[in-house]
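can't give you the sequence, but here's the structure:
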(Lines give C-alpha, C1' and ligand atoms only; values in the text may rest on other atoms or scores of the structure.)
Protein backbone atom coordinates (compact mmCIF):
# COMPACT_ATOMS: atom_id res chain seq x y z
CA UNK A 1 0.00 0.00 0.00
CA UNK A 2 1.48 3.32 -1.12
CA UNK A 3 0.70 7.02 -0.69
CA UNK A 4 2.06 9.07 -3.57
CA UNK A 5 2.28 12.84 -4.02
CA UNK A 6 2.03 14.13 -7.58
CA UNK A 7 5.62 15.39 -7.31
CA UNK A 8 7.14 11.95 -6.63
CA UNK A 9 9.43 10.55 -9.36
CA UNK A 10 7.93 7.91 -11.62
CA UNK A 11 8.44 4.37 -10.36
CA UNK A 12 10.65 2.51 -12.81
CA UNK A 13 9.58 -0.68 -14.58
CA UNK A 14 12.27 -2.50 -12.58
CA UNK A 15 10.72 -1.46 -9.28
CA UNK A 16 7.20 -2.18 -10.50
CA UNK A 17 8.33 -5.64 -11.55
CA UNK A 18 9.76 -6.10 -8.07
CA UNK A 19 6.48 -4.96 -6.48
CA UNK A 20 4.51 -7.35 -8.68
CA UNK A 21 6.75 -10.31 -7.77
CA UNK A 22 5.54 -10.02 -4.16
CA UNK A 23 1.94 -8.92 -4.85
CA UNK A 24 0.29 -10.93 -7.62
CA UNK A 25 -3.36 -10.68 -6.64
CA UNK A 26 -4.66 -7.29 -7.78
CA UNK A 27 -3.98 -3.58 -7.93
CA UNK A 28 -6.18 -0.59 -7.14
CA UNK A 29 -5.87 3.18 -6.98
CA UNK A 30 -7.99 5.98 -5.50
CA UNK A 31 -7.77 9.75 -5.80
CA UNK A 32 -10.01 12.79 -5.60
CA UNK A 33 -10.82 14.72 -8.77
CA UNK A 34 -13.31 17.62 -8.91
CA UNK A 35 -15.14 16.47 -5.78
CA UNK A 36 -15.36 12.91 -7.10
CA UNK A 37 -13.52 9.94 -5.63
CA UNK A 38 -12.04 8.04 -8.55
CA UNK A 39 -11.49 4.32 -7.91
CA UNK A 40 -9.91 1.93 -10.41
CA UNK A 41 -9.05 -1.75 -9.93
CA UNK A 42 -7.38 -4.38 -12.06
CA UNK A 43 -6.19 -7.99 -11.92
CA UNK A 44 -2.84 -7.94 -13.73
CA UNK A 45 -1.62 -11.22 -15.16
CA UNK A 46 1.98 -10.09 -15.55
CA UNK A 47 4.41 -7.41 -14.46
CA UNK A 48 3.87 -5.78 -17.85
CA UNK A 49 0.15 -5.49 -17.09
CA UNK A 50 0.95 -3.77 -13.80
CA UNK A 51 3.38 -1.40 -15.50
CA UNK A 52 0.73 -0.42 -18.05
CA UNK A 53 -1.87 0.14 -15.32
CA UNK A 54 0.56 2.23 -13.29
CA UNK A 55 1.59 4.41 -16.23
CA UNK A 56 -2.03 5.01 -17.25
CA UNK A 57 -3.69 5.47 -13.86
CA UNK A 58 -1.12 6.17 -11.13
CA UNK A 59 2.00 7.88 -12.46
CA UNK A 60 2.10 11.62 -11.73
CA UNK A 61 -1.03 11.60 -9.55
CA UNK A 62 -1.59 12.47 -5.94
CA UNK A 63 -3.16 9.19 -4.91
CA UNK A 64 -3.09 6.03 -2.86
CA UNK A 65 -2.55 2.69 -4.53
CA UNK A 66 -2.57 -0.90 -3.31
CA UNK A 67 -0.94 -4.09 -4.54
CA UNK A 68 -2.64 -7.15 -3.11
CA UNK A 69 -0.97 -10.18 -1.58
CA UNK A 70 -3.94 -12.41 -0.80
CA UNK A 71 -4.41 -13.58 2.78
CA UNK A 72 -8.21 -13.97 3.00
CA UNK A 73 -10.91 -14.27 0.34
CA UNK A 74 -10.90 -15.08 -3.34
CA UNK A 75 -8.62 -13.50 -5.90
CA UNK A 76 -11.14 -11.36 -7.77
CA UNK A 77 -12.16 -7.77 -8.39
CA UNK A 78 -14.44 -7.71 -5.33
CA UNK A 79 -11.45 -8.28 -3.09
CA UNK A 80 -9.17 -5.77 -4.78
CA UNK A 81 -8.58 -2.66 -2.71
CA UNK A 82 -9.87 -0.03 -2.17
CA UNK A 83 -13.17 -0.97 -0.54
CA UNK A 84 -16.21 1.22 -0.17
CA UNK A 85 -16.94 2.26 3.39
CA UNK A 86 -19.60 4.94 2.67
CA UNK A 87 -21.23 6.32 -0.47
CA UNK A 88 -22.80 9.62 -1.46
CA UNK A 89 -26.30 8.28 -2.05
CA UNK A 90 -26.69 6.85 1.45
CA UNK A 91 -24.24 8.90 3.48
CA UNK A 92 -23.50 12.11 1.57
CA UNK A 93 -19.85 11.23 1.01
CA UNK A 94 -17.79 8.68 -0.91
CA UNK A 95 -15.30 7.11 1.49
CA UNK A 96 -13.03 4.20 0.56
CA UNK A 97 -10.36 2.26 2.42
CA UNK A 98 -7.20 0.31 1.64
CA UNK A 99 -5.68 -2.13 4.14
CA UNK A 100 -2.30 -3.78 4.59
CA UNK A 101 -1.95 -6.56 7.11
CA UNK A 102 -4.04 -9.38 8.55
CA UNK A 103 -6.94 -8.60 10.89
CA UNK A 104 -7.59 -10.91 13.82
CA UNK A 105 -11.32 -10.72 13.07
CA UNK A 106 -10.80 -12.92 9.99
CA UNK A 107 -13.49 -13.76 7.44
CA UNK A 108 -15.34 -16.78 8.82
CA UNK A 109 -18.79 -15.37 7.94
CA UNK A 110 -18.01 -15.57 4.22
CA UNK A 111 -14.64 -17.03 3.26
CA UNK A 112 -14.95 -15.80 -0.32
CA UNK A 113 -14.58 -12.25 0.99
CA UNK A 114 -11.56 -10.73 2.70
CA UNK A 115 -11.00 -9.84 6.34
CA UNK A 116 -11.00 -6.17 5.25
CA UNK A 117 -14.49 -6.46 3.76
CA UNK A 118 -15.89 -7.99 6.96
CA UNK A 119 -14.21 -5.44 9.24
CA UNK A 120 -15.66 -2.57 7.21
CA UNK A 121 -19.14 -4.12 7.19
CA UNK A 122 -19.30 -4.98 10.87
CA UNK A 123 -17.15 -2.26 12.43
CA UNK A 124 -16.23 0.78 10.34
CA UNK A 125 -19.45 1.39 8.43
CA UNK A 126 -21.65 1.37 11.56
CA UNK A 127 -19.07 3.57 13.30
CA UNK A 128 -18.84 6.20 10.54
CA UNK A 129 -22.18 6.25 8.71
CA UNK A 130 -23.62 9.00 10.92
CA UNK A 131 -20.37 10.95 11.27
CA UNK A 132 -18.01 10.47 8.29
CA UNK A 133 -15.85 13.40 9.39
CA UNK A 134 -14.65 11.39 12.39
CA UNK A 135 -12.54 9.24 10.04
CA UNK A 136 -10.17 12.19 9.61
CA UNK A 137 -9.60 12.95 13.28
CA UNK A 138 -6.67 12.10 15.51
CA UNK A 139 -9.03 10.32 17.88
CA UNK A 140 -10.25 7.95 15.16
CA UNK A 141 -6.72 7.11 14.03
CA UNK A 142 -5.61 6.43 17.59
CA UNK A 143 -8.64 4.33 18.52
CA UNK A 144 -8.68 2.22 15.37
CA UNK A 145 -4.90 1.93 15.34
CA UNK A 146 -4.92 0.43 18.81
CA UNK A 147 -7.82 -1.82 17.90
CA UNK A 148 -6.24 -3.36 14.79
CA UNK A 149 -2.63 -3.37 16.04
CA UNK A 150 0.44 -1.75 14.53
CA UNK A 151 1.02 -4.55 12.01
CA UNK A 152 -2.14 -3.39 10.23
CA UNK A 153 -2.43 -0.09 8.37
CA UNK A 154 -5.42 1.64 6.81
CA UNK A 155 -5.57 4.45 4.27
CA UNK A 156 -8.95 6.18 4.01
CA UNK A 157 -9.81 8.75 1.33
CA UNK A 158 -12.97 10.63 0.41
CA UNK A 159 -14.27 12.72 -2.47
CA UNK A 160 -13.49 15.91 -0.55
CA UNK A 161 -9.75 15.24 -1.03
CA UNK A 162 -9.28 14.17 2.59
CA UNK A 163 -6.92 11.34 3.46
CA UNK A 164 -6.21 9.58 6.76
CA UNK A 165 -3.59 6.96 7.54
CA UNK A 166 -4.05 4.65 10.51
CA UNK A 167 -0.74 3.42 11.97
CA UNK A 168 1.27 5.66 9.69
CA UNK A 169 4.32 5.32 11.95
CA UNK A 170 4.54 1.61 11.09
CA UNK A 171 5.32 2.39 7.45
CA UNK A 172 8.42 3.77 5.73
CA UNK A 173 9.26 6.63 3.37
CA UNK A 174 11.20 6.20 0.15
CA UNK A 175 11.53 8.15 -3.13
CA UNK A 176 8.77 10.55 -2.11
CA UNK A 177 6.38 7.71 -1.26
CA UNK A 178 4.96 6.37 1.99
CA UNK A 179 4.90 2.56 1.89
CA UNK A 180 3.03 0.48 4.43
CA UNK A 181 5.64 -2.26 4.86
CA UNK A 182 9.13 -3.51 4.07
CA UNK A 183 8.28 -7.17 3.45
CA UNK A 184 6.26 -7.00 0.22
CA UNK A 185 8.99 -5.42 -1.90
CA UNK A 186 12.79 -5.49 -1.99
CA UNK A 187 12.82 -2.64 0.46
CA UNK A 188 15.68 -0.23 -0.08
CA UNK A 189 18.25 0.51 2.60
CA UNK A 190 17.58 4.19 1.94
CA UNK A 191 13.98 3.84 3.16
CA UNK A 192 13.38 5.78 6.36
CA UNK A 193 10.87 5.85 9.17
CA UNK A 194 10.64 9.62 8.69
CA UNK A 195 9.90 11.56 5.47
CA UNK A 196 12.90 11.90 3.18
CA UNK A 197 14.01 15.19 1.62
CA UNK A 198 12.69 15.86 -1.93
CA UNK A 199 16.27 16.35 -3.10
CA UNK A 200 16.90 12.63 -2.44
CA UNK A 201 13.81 11.25 -4.16
CA UNK A 202 15.17 10.86 -7.67
CA UNK A 203 18.37 9.17 -6.51
CA UNK A 204 16.37 6.75 -4.38
CA UNK A 205 13.98 5.88 -7.21
CA UNK A 206 16.99 5.25 -9.49
CA UNK A 207 18.36 2.50 -7.24
CA UNK A 208 18.20 -1.08 -8.47
CA UNK A 209 15.84 -3.30 -6.46
CA UNK A 210 18.55 -5.76 -5.46
CA UNK A 211 21.26 -3.15 -4.88
CA UNK A 212 20.36 -2.36 -1.29
CA UNK A 213 18.16 -4.05 1.25
CA UNK A 214 16.33 -2.39 4.12
CA UNK A 215 17.00 -3.80 7.58
CA UNK A 216 15.41 -2.94 10.91
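That came through, no problem. Just so it is clear, the structure is predicted and the values come from calculations on it, not from any experiment.

For the worst-scoring helix or strand of the chain on mean pLDDT, name the packing helices and strands.
For the chain, the helix or strand with the lowest mean confidence is helix 115-119, at a mean of 92 (criterion: mean pLDDT, DSSP states H and E). Contact partners of helix 115-119 among helices and strands, from 3 or more CB pairs under 8 Å, 6 or more residues apart in numbering; DSSP states H and E: strand 95-100. Where C-beta positions appear, they are placed from N, C-alpha and C, glycine not excepted.

The strand it packs on: partners in the sheet, and parallel or antiparallel?
The sheet places strand 95-100 alongside strand 83-86 (antiparallel), strand 153-158 (antiparallel), with pairing taken from DSSP bridges.

average model confidence for the shortest one?
So that's strand 83-86. The predicted model assigns strand 83-86 a mean pLDDT of 98.

Quick one: residues in contact with it.
93-99, 116-117, 120, 124-125, 128-129, 132, 135, 156 (CB atoms under 8 Å, 6 or more residues apart in numbering).

could you redo the last one with a cut-off of 7 Å?
93-97, 116-117, 120, 124-125, 128-129, 132 (CB atoms under 7 Å, 6 or more residues apart in numbering).

Buried members of the residues you listed into ChimeraX, please.
Selecting only the buried entries of these in ChimeraX, with 16 or more other CB atoms under 10 Å as the criterion:
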select :93,94,95,96,97,116,117,120,124,125,128,132
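
Tell me which stretches of the protein form helices.
13-22, 47-57, 88-91, 115-119, 125-128, 138-148, 198-205 (DSSP state H).

okay, these, which one's buried deepest?
Mean neighbour count (mean count of other CB atoms under 10 Å) peaks for helix 115-119 among the helices of the chain, with a mean of 22.
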